[in-house]
Every structure is written in C-alpha cells, then in structure tokens.
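Colleague: 3D model of this:
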Amino acid sequence: MKKLPSGKNKILAFFISLFLLTTIGVGIYSPQKIDSVRENWDEVLSEKIKIIKQTAQEEFGRKLSSIRLAESKMITRIDSLQNVDEIISSFSKLGKNENLLHQIYNDEDSLIAWNGGLNDVGNLFSNVNFRRYSSQFINTVTSTHFVLLKEFELGNSQFLLATISPFETFIDFDIENIERSFSSFLSKLLNTDIKVIYFPEDKEVINGRYFSFELLDNEANVSVEVLTQKPILDNYIIELNQNFGSIQSISLFLLLLTIVIWLWFKTARLDSKIIKATSFILLILSLRIGLFLLNIPALILKSELLNSSYFSSTWGFGIVKSPLELLLSLLVLISALLITSKYFVLEKIDFAQNRKIGNIVKLLISVAIILISLVLFRALGSAIKSVVFDSSIYYFEDFNIVPDPPILLMHLNILLMGVIIIFASVILFALLFRFLSYEKSWKLLPFFVGVFVAVQLLGLAYHFIQSNPQLTIFLRVVLITLLFAVLYFIVIHQSYSKVIFLYIAFSSSFVTVSLLNHYNGEQQRESLKKFAEDLIRPKEHWLDYVIFETLNKEENEELIFSYLNDPLSASRICFRVWNSSLLHQEGIVSCVRILDSNFQTIGEINFDKKLFRDRLWTTLPEDTDLELERFAALSSEGHVLSGIRRINLPDKEIYLEVCTYNNPSGIDLKFLPAFMGQNIYLMEPQFSLNTVNLFEIQDGNLVNSISEVDIGTENIKKISDAEFSRLNEAWMNLHVDGEEYVFYLLKEDRDVFEKIIAAASKLNDLSFNLFHFFKVFFIHSIIIFFFALMTFAFEFNKNKERLFTFRAKLLFVLLFISIIPMITMAIYFKQLTDQKNESAIHYKLLKRTTSVAEYLNKYNIPGAFNTDMLYKRVESDLGISFALFKDKQLSYASKKLYYDSGLLSSLLDPVVQEKLYLDGKNSILVKEKINDYQYEAVYRRSKIGNDEYVIKVSDLFNSILLPLSETDASIFIFGVYSFAVLLIIVISTLLANQISSPIRKLTIATKSVASGDLGLKIEQKSRGEVQQLVEEFNLMVEEIKKNQIELAEIERESAWKEMAKQVAHEIKNPLTPMKLSVQQLIAAHSDKSPKFDEIFKKVTKTLINQIETLKNIASEFSSFARMPGIKMETIKLRNVINDAVNLFMNEHVKIILDLPEEISEIKGDVQQLRRALINLIRNSIQADATEIIFKLSRKEKKLILDIIDNGSGISDEIVDKIFSPNFTTKELGMGVGLTLAKRLMENLEGRIFVKSTSSSGTTITLEFPVLN
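Modeller: Numbering: from 1, shown residues only. Okay, the predicted model is just below:
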C-alpha cells in the first residue's frame, strides 16, 4: 500500500493541527471572555444599547425614506396629468398595494382619487385624530399607518396628496404567521422584544428591566418611542457559550472530515474489495454520527428546513429530528448502497465455490433474500405512513404546483426513501441471480420468470399473515413488478448503464407517490372520524375557559383604557379584543361587546345578531368583577354562554362582555366564514366546511345539516339501519346526487331518542386522484431530471454526441409534435372554462343586483319604511347580501361588520370608479380578496328613488354554483393532461427506440466491419424497408467475407506463382557458374591435370561464393514473407480496450472493465492491437459467453491483461493448437486471428497464452512490457 505524497501529508497535517488547535483554543479562551464580560458588563451593556438605538434609527429612517420616494414618484406622475378625470384614470391603473396607498383630496377635503389595497383606511378627514397640515401616524381598526402629506396645484385648484403606509398590523387571519409590524421586524432583527409606541398617550410605565428611547425623523417632523428590554447578563453569557460551542463543533467536524478524507485515500489502495467497501461505508457513517453528536446543522442554521414539526422521528436515538437531518441520513444510506453496488454488483465476484453448497442451503439463502426484500417493502410503507401521520405537512391540501422549501425537501426525502428500498432490493436480487446462475443447465429467462412468480406469491402470503400490512395488495404487486423490470435489464440484458438509475428513480417515484396518496386517504378518513367526534364532545367547559381567558387578558384592559384617550370607536376596540383572543384563533362564533354603566351596548363585534341579542345582562353584584352565565338562545336550540367583567375607569364604570354558543343536545353547526380563519378546535386542518357535509339524524329523521347536497330519504334509511360496532361507530359509502361519498357514523343513544351524527366527504374522482398523483410526481420528475442533467453536464464531453444521435432527434420531434398541441389544448380549455365561469358569475351576480334595485325601487315608498328596515327586508326576502355605495363611499352593507373591521373597504374600488363613472359602463365584474381569500364581485350603477347608487353583490356572502369551478377545472386539466403527456413520453420513447434501433445496430456494425471484424451478423425482426436493409447488410458482410477468403486464395496463389518465377530466375543465375565449375573440376580430374589442385581451389571458391549468393537470396525472400512493419507508439491500453468494447454495445453480452488508469500505458501498434482484441471478444461471443471481464494489473515489470469469459471453454485436445497458423474450429474463416495475435505480442516483446479453461469459461492472458 502506497503512502500519500509528502506534500499531501503536510497539507493534511496542517489542517488537522489547525482544527485541533482551534477547538482547544476556543475552549481556553471562552472562560476568559465570559469572566471579562462579567467584570465589564456596564461597558458591554452600554455598547449593546448603542447598537440597538443606532440600528432602530437606521431602519426607521429607511422605512420613511421609501415612503418619501413613493410620494416623489407620484408627484412626478401627477405633473404629467391635466385634470381630475385623468388623475382618477391614472390611479385606477396603479393596482392594489397592501403596503402603500395614495389618496388625493380637493380643497374641500373631499376624497376624489385613490388606489386600492388598504381596506381599513377610509376618508382621512373622518378620523378625528387626523391633522391636515402635518405628516403623522394614525390608528385604524386593524393597523397603525404613517401618513405623508404633500400639497400640489392642478389648474387653478389646490389638492392634497396623502401617501399612506402601514407600520403596525394588528390583525392577520392567517394565525400561523408572525404579526406583520415594524415592532416585530425590529424584534427579529435585534433578537429582543421591542414595542414601538406611536402616540404619547400610549406610553407605559418603565421599570428597571426596560429602557426606552426616541426615534426621530426631522424631515417628516415625526417621532416614535421605542420600548425594549435591557440585555441581561445571564442571557448574554448563554449566547456567548452557544457561539463558542458552535465554533468548537464546526472545528471538530472539520477535523473529523479531514481525518475521513485522509483515511479514504488510504482505504482506496487496499486490495480486498470487502474490506475496502466496508471501510468506505464506515467512514461515511462516521461523518453522519459526527454531525448528530455535534448537533450540526441545527447548531449553525436557523431555517424552516430544521423545523421538527414538519417531520421528526425517535429512531436512532433521535438522529432524524427535522427534514434536513432526514435528508442527511438518507444520503448516507444512498452512499452505502452505491458503494455496495460498485464492489459487489458491478464487479465480478467469483462464486465458483458455490458448487460445494448443497441445494437446500441455496434454497434457504434465496428465501432469506426474498424475505429481507419483503421486510424492506414493509419498511417503505411504514416510512411513508410516518411521513404522512407524524408530520404537520398536508401534501395534498393546497393546489400549488411549486411547494414551499420544507415541503419540497420532504418530497425529495420521500423520493429517496423509495430509491433506497428499491435500490437495496435490486442489489439483493442481483446478487441472488449471480449466486444461483453459474449452472449452465439453467435457462436464464425461464429461471428469472420463475423467481418473479415466486416473489409475487411469497409477497401475497406475507401480506395476509400480517395483522397490519403497510402496503395494499395492488401496490405490493406493482412494487415487485417494477423491481423485476429493473432487474430484467441487469440480469437478462447484462446492462449496468446510468439509465438503470433513472429507471430506479422513476419506479421509486411511482411507488412512493402512490403510497403517499393512499395514506393521505387513510389520514382523511381518520380526520373525518375525529371531526365527527369533536362535534358531539362536550365543549361547555372549554368555551367557559375561552370566555374567562378573553375577559382576563391584560392587553384587553389596556385597549379599554385607551378608549378614554384615543377616540377609536368602541366597536373597533371590540374587534381588536376579538382578534387577539382564542375566539378568533379557534374560529368560534361569538360576540364581544362594551357596555356602559346601564348595560347598554356602546360598541360590539357580533357574528350572529339573531343569536347574541342585546341586554343579556341587567346587573352585576358589587362584590363581583367577573361573572359567567347561561342564557336561552332564541333563534336555535342550546344556550348562549356569556361572561362579563367590570372595568373601573377614572370617571365611570363600563363592562366588557363576551358571548359564545353551545348546544349540548345537538351538534354545533355554526361556524365563521372561511376567510375569517379555521375552526381549529373543531376540525382537522386539511378539512374545510366546503368539503365536509354534516347531518344529524334522530329516530330516522334528518333534523339538522350543513350540506349543499340532498342526502335523500333512502340514504337516511341506510344510515339508520347501519350496523354499528361496539364503540357505536360505522363506515359506509353512499351515492349522493350522483357522487360517491364516504360516511363516518357515530351513534349516541339517549333516553328519549337515538341520535346519529353523519360526517361525509366526497371521494376523489379519477381526475382528482390523477391531480394528486401528478402534482407530486411532477416535483419528483423535476428533481430526477435535475440530477440527471447535472450528471450529463459533468460528463458532457463524453455524452455530447448523444444529443445529436438519430434516436435523440427522433424523440425530440415526436415529443414536440405531440406535447405542444396537448399543452395548447390544455391552455385553451382552461381559458375557455375561466371565461365561461366569469361570464356565469357576472350574469348571476348581475341578476341579483337587478333584483335588489327592482325591490328597492318597488318598495321605496316615502314613509312606509325607514331606510335600514327596507334594506334588511331586501336581505330577508330575497336572500341576497349586498352593499350600497353613494358618492363613492359605503352607504349600507348587509354584512357591515366586515366593513367596520377594515376587512372590506368602505371606499369604492378605483377601477370600478373609472369604469362606471368615466367610461360610462353600467356594471363591472372585479376580482377582490381578503388576505389570500379571493372572490368575485359585481358592481352595478343604479338609480334608486332620486339618488344614484352603486350596488355591490359578491360571491363572498352569496353562494354561486358553477358547473365546473376554477379549482375543479385546474384539477381536471392538470391530472388528465399530465397522464396524457406521460403516456406520450413513454410511447414516443419506445417508438424512437424501436425505429432507431436498426440504425444504431447498422452504425455499430459498420464500425466493426471497418475495424476488420467480419464475424458479426445483425439480428433484427421487423418488416419493410428496415428489415430489407438489415438483410442486405448481412448479405454484404457475408459477401465481403467470402470475397476476402477468395481474394486471399487468389493472392496467395498468384504470389506463389510470381515467387516461384522469381526464385527460379534468381537461383538459375548462381547455378550456371556452379555447374560449369563442377564440370571443369570433373574434366581436370579425369584428365589427371597437373593443375588439378589449382583448379580445385578455384572451383571450390566459386562454389562457396555462389552458395553465399543463394543464402542471400533466401534471406531476402524470408524478409519479404514477414508481416507488415509495426507502427510503435505510446498508447493507453484502456483506451484501445474501450474502443474495441464499444463495437459490441448491442451484443447480448455483458462486458465488465477493471482498468486502472494509472497503469495502462504501453508501446504498441493501435490498429493491430485493436484488431487482436476484437478477434478475442468475437471468439468469446461465439463460444456462448454472456459475460466478459477485462482485468488489467501490474506484476513487476509487466502489465497483465486477463480476458475472462463464461463461455463453453476450449477442449483439452485443441488448447495447444489455437495459436498455430491456419488452425480453426470454424466452418468459415482462415484461422489466422489468434496466430496474428500471438505474432503481434511477440513483436511487442510480450506473450499471449491460455491461463485457464473449463466448461464454465476461459481466461486468456496478454502480457505487455511496462513502459518506463
């Protein structure tokens, strides 16, 4: 095992020392710092107070500056206008702004123009606090506003521009939100309690724990008082300790991270894969445990992602306490699975030893793996159930496609849960198939199908033996099917590409979203049950507590006292009291009154005047300051609970009264309007009165209900005859008005009668279920595509060619021509539905305004009725809630409470003013909202008697039935069209693959042929031109192969003939002198010539010379017969192997590469080496191999390339002959492939040999000399 380079060791040592010294240093310094703070607390306190004052002054100035800037822009806009009509038109185009209001008054103090947005601000001159010639703060029912005044001249007239912005908002019907105010802003910014006092008379008595200071703005000539708590020494020391602890925790984690990185590099050099993988997993696990023990990230981050109410679990000693910590834990599990997959699935594992294991043991191991997977499936169901039931998130409550960050993070966590379970199951079954599939007698596909059927059957058996199965039968079957669909690519097609992870991700999304939808339905059933139980549970004591708590609240007494100095109306004070009480937070129908000393009402907020009548109290004992009493309810059964409290003012005595309603013998069916807040004490948060139908049945008769549907006599009989459990409860599904509803029934036996409470909720139809499914599936898809895009970008150079393939272009065209028209149709259908709904609403509301106008004109007889009586008769006789505007201001409203409280504006909408008065329209439909609750209203200009009014009728208080509401249309369009788009994507992908598959095969085959591989044949089962093209290509390859053989024979024959001629010619030249010399020698010997010795020497010399000439001729022809010269160059062996392997991508063979990059350089000829590797791969495929492994290693001064296959092997009779020239076992072929490979390796000073062979496979080894 190699050590890290010395430079890296020094860097690691430096960081380890740095983080360790930081941790120790902070531990030494922190006590000294804390002691110093204790000794110099006065100076520290003075500095902190200085920072608070400075920051508050800066923010106060910044807020006023933004208002002045808005005023300046408005003056510039007005300068370009010519008259009042243009001002009105210009203001109507500003739009509503909840943070900024502009008003223009003429010289008679009449309001002539304004933009909408702040409903609680009416005519400033109606507010007795308002001063015309100075900027100031004013109080309204719901807010404290700053008013900036600016006079200007237009024509010959003087006008006043008022720019108004809220500083404090007392009312917010979304009770989960923090109060929006300048005080809250400063409190959050400075991390201390701050109260801003805008009026001198509101100053509070300051004790030693608090201090106050003034904020000034000289330009606006206004000031406010700021009251805040003094910083406390103990709190500051706690804060210091937390900061020092955070620094130490971060340093310790960085130290741990540095050590883990160092150990990671060390571990990477281990030889044992099991030890290496285990070590990697333990290192990652140690990081997660370190984060948990050091309380990171909760210690350093303040985010909603760490809010435990969204998700928390006690599992693992509380290691998962928030959505973000759940994500960290899931990422650790994902990392562990990736490591396991890399070392035990993607790489070759030798299971040859499995032959010694008996079949019974193999069966037991197989059953154990299947059972583990089934347990994992149950764990997935339990996890999703926990996500639904143990979380405050309601995943299908709203219809927003883009969720808030905590919900988005939980969607990611849900997806990862599914990925982990399916990925783990894939790993287990992949190992199972590898463990069992070494027997050649087993046919892989039938065996695969058999295992699939066995797992399905065992899954069903496991389902029925559980008392509380966490998956439905359908989801269990689907989950196993999707699992084996992924395994099909791995086991049958031997594919391990990154696309497999996309299959796993989308399969996980499908399963988890289905589970989420299933458990959401279970949660709704449970909530429906709780809702019905809450309706009949005794609430009298609870309501007594709410009344008592409201009466005794100190803030309410402060508001009452402010009545003396601040002439807010008593009704406005009552509204403030109600808003800050549990009456509002719990959504209780109630009444709050202020009574004078004679118990006469001074002011009130009354949500049911028929129920909460006046003069309930006539006296209160002198010795009692608070009293609770019950009064009979005149308009319904039950009684009114009323509490009263005496408040002694300096000069008089007044009373605060709080009333609620309770019906012990029936169900409470009185609720606040939806825009006033949820009825939390009575309802589950995911329910609203629009989705739940309530019925009270006594002795078989319907006596009370809240429902827009007619339950019908037959259904009432079915409910009365229902079979109840011993807990007097029952469930049933009934059809009501053509829709299917789920009913929860709760029976209560009385002495006199039998009462059944039935709570019903409409079952989701197909479009609603599709909407729920695709809403989450859409989010999962975006997450999946984001990670896929990141992976693609990370390997862009490698993958960019895929963007321009025929398949990619074809898929893009198919999707474009299919999805674009689909989206266009969806948009058109949505717009058409909205237009028809808008027209229907306009028509129905306009018809009601016409009815109101006709009624008023018909009965507006002088002296017959007073005006209020006539208006109330309109509401009672016609059942229409309406409002009348005269001179652009509210004259009358059926629901005046909501106008007095500032929820609805008492000023005519500026857009309405322009359209009716300037453009001359008779009526207009506008969209308005209270907080986030949107509704439609029709304004109609009408003449009633001799006066001109604007009649307003809205669907806020008048129910309008539409054939298909905007929400229903959105659900239908998104659900159905998303399903259609998904089908289009799937079908287009399959078609693109099917159409482009032959082209891809032909492309790869052409590359193979160009590389010299003529042993392939394309298998394609199709019809038409494509099949004809494939057949012609195969025929062409066969012809090329045949021609190559024939050409080789012809060339060989021709070469031998030419060579024979050349050899004969070359040999003939030296043979002639040799013959003559021998003849001369024979003649000299026969004649016994005296010069024989001399002739002998001469002849032998001539013979030797000619023999040397023959030798040279032989050497020349020997050189001529050799292979072409080798082009030696430095090459990366792994790149050559990859090039050769890529030619076999579409073959039914799995090729595994174990090629370390750092040891892959050699000297060689790229073309000849690639050709040799192609021949070796082709030989393995022709030997029925389904898996080929290329493993590269280094041994001393040699690179060893082992090519391992699981084919039929080489028989012992021919194993020694396979490298011999012209030896082959094929019917076709020249038998030169392995011979050429051997000759190439010899030329490279290496060698090739058969390392091992058997019926289960062959290993061929190539040895290369190491490149120095």
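Colleague: Just say helix, strand or coil for the closest residue to S313 other than its chain neighbours.
Modeller: Among residues not flanking S313 along the chain, V320 sits closest, at 4.5 Å (Cβ to Cβ, 6 or more residues apart in numbering). C-beta here means a position set from N, CA and C on the backbone, and glycine is covered the same way. Under DSSP: H, G, I helix; E, B strand; the rest coil, the three-state class of V320 is coil.
Colleague: Please work out how many residues are found near V320.
Modeller: 23 (other Cβ atoms under 10 Å).
Colleague: so what's it up against?
Modeller: F311, S312, S313, L326, S329 (Cβ atoms under 8 Å, 6 or more residues apart in numbering).
Colleague: what's the closest non-adjacent residue to K1098?
Modeller: S1077 (7.6 Å).
Colleague: Now that neighbour: which helix or strand?
Modeller: Using DSSP states H and E, S1077 falls within helix 1025-1086.
Colleague: Likewise for N235?
Modeller: Short version, using DSSP H and E: N235 is in helix 233-267.
Colleague: sorry, back to before: nearest to K921, of the contacts of V320?
Modeller: Top of the list for closeness to K921, among these and by Cβ to Cβ, is F311 at 52.8 Å.
Colleague: quick one: contacts for the closest one?
Modeller: Under the criterion of Cβ under 8 Å, 6+ apart, the neighbours of F311 are V320, S322, P323, L326, V387, D390, S391, I393, M410, N413.
Colleague: Low-confidence ranges, the stretch 401-550 of the chain, go.
Modeller: Within the stretch 401-550 of the chain, the ranges that satisfy pLDDT under 70 run 401, 437-443, 494-496.
Colleague: V387 reaches T512, doesn't it?
Modeller: No - counting by Cβ atoms under 8 Å, V387 does not reach T512; the two are 9.1 Å apart.
Colleague: Can you check which residues contact both of the two?
Modeller: I414, M417.
Colleague: which of these two has more neighbours?
Modeller: A count of neighbours by other Cβ under 10 Å puts T512 above the other of V387 and T512, at 28 against 25.
Colleague: Give me the nearest residue to the more buried one, chain neighbours excluded.
Modeller: G418 (3.9 Å).
Colleague: so where does that neighbour fall, helix or strand?
Modeller: helix 405-436.
Colleague: again with E43
Modeller: Element membership of E43, judged by DSSP H and E, is helix 41-79.
Colleague: So which bits of that helix are buried?
Modeller: Across helix 41-79, burial judged by 16 or more other Cβ atoms under 10 Å covers 44-45, 52-53, 56-57, 59-61, 64, 67-68, 70-71, 74, 78.
Colleague: Of those residues, just say which sits nearest to K188.
Modeller: Top of the list for closeness to K188, among the buried residues of helix 41-79 and by Cβ to Cβ, is E59 at 11.2 Å.
Colleague: pretty sure the closest one contacts L190?
Modeller: No - using Cβ under 8 Å, E59 is not in contact with L190, being 9.4 Å away.
Colleague: Pull up the per-residue confidence for Y133.
Modeller: As predicted, Y133 sits at a pLDDT of 74.
Colleague: Report the mean confidence score over stretch 1162-1180.
Modeller: Averaging pLDDT along stretch 1162-1180 gives 83.
Colleague: which outside residues touch it?
Modeller: So stretch 1162-1180 is contacted by 1008, 1011-1013, 1015-1016, 1126-1131, 1133, 1136-1137, 1139-1141, 1143-1144, 1149, 1151, 1188, 1199, 1203, 1205, 1207, 1233-1234, 1236-1237, 1240, 1244, 1258, 1260, 1264-1267 (Cβ under 8 Å, 6+ apart).
Colleague: So which of those are in helices?
Modeller: S1008, L1133, V1136, I1137, D1139, A1140, V1141, G1233, L1234, L1236, A1237, L1240 (DSSP state H).
Colleague: As JSON lines, those with distance to A893, pLDDT and neighbour count would be great.
Modeller: As requested, the ones in helices among the contacts of stretch 1162-1180 are arranged in JSON lines below (distance: Cβ to Cβ, whole Å; pLDDT from 0 to 100; neighbours: other Cβ atoms under 10 Å):
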{"residue": "S1008", "distance to A893": "85", "pLDDT": "72", "neighbour count": "21"}
{"residue": "L1133", "distance to A893": "88", "pLDDT": "84", "neighbour count": "22"}
{"residue": "V1136", "distance to A893": "87", "pLDDT": "85", "neighbour count": "20"}
{"residue": "I1137", "distance to A893": "84", "pLDDT": "85", "neighbour count": "22"}
{"residue": "D1139", "distance to A893": "83", "pLDDT": "80", "neighbour count": "16"}
{"residue": "A1140", "distance to A893": "85", "pLDDT": "81", "neighbour count": "24"}
{"residue": "V1141", "distance to A893": "81", "pLDDT": "81", "neighbour count": "19"}
{"residue": "G1233", "distance to A893": "97", "pLDDT": "65", "neighbour count": "22"}
{"residue": "L1234", "distance to A893": "99", "pLDDT": "76", "neighbour count": "22"}
{"residue": "L1236", "distance to A893": "100", "pLDDT": "76", "neighbour count": "17"}
{"residue": "A1237", "distance to A893": "97", "pLDDT": "81", "neighbour count": "23"}
{"residue": "L1240", "distance to A893": "99", "pLDDT": "81", "neighbour count": "20"}
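Colleague: Just send these back as JSON lines, with distance to G25 too.
Modeller: Shown next, in JSON lines, are the ones in helices among the contacts of stretch 1162-1180 (distance: Cβ to Cβ, whole Å):
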{"residue": "S1008", "distance to G25": "66"}
{"residue": "L1133", "distance to G25": "52"}
{"residue": "V1136", "distance to G25": "56"}
{"residue": "I1137", "distance to G25": "54"}
{"residue": "D1139", "distance to G25": "57"}
{"residue": "A1140", "distance to G25": "59"}
{"residue": "V1141", "distance to G25": "56"}
{"residue": "G1233", "distance to G25": "70"}
{"residue": "L1234", "distance to G25": "70"}
{"residue": "L1236", "distance to G25": "70"}
{"residue": "A1237", "distance to G25": "66"}
{"residue": "L1240", "distance to G25": "65"}
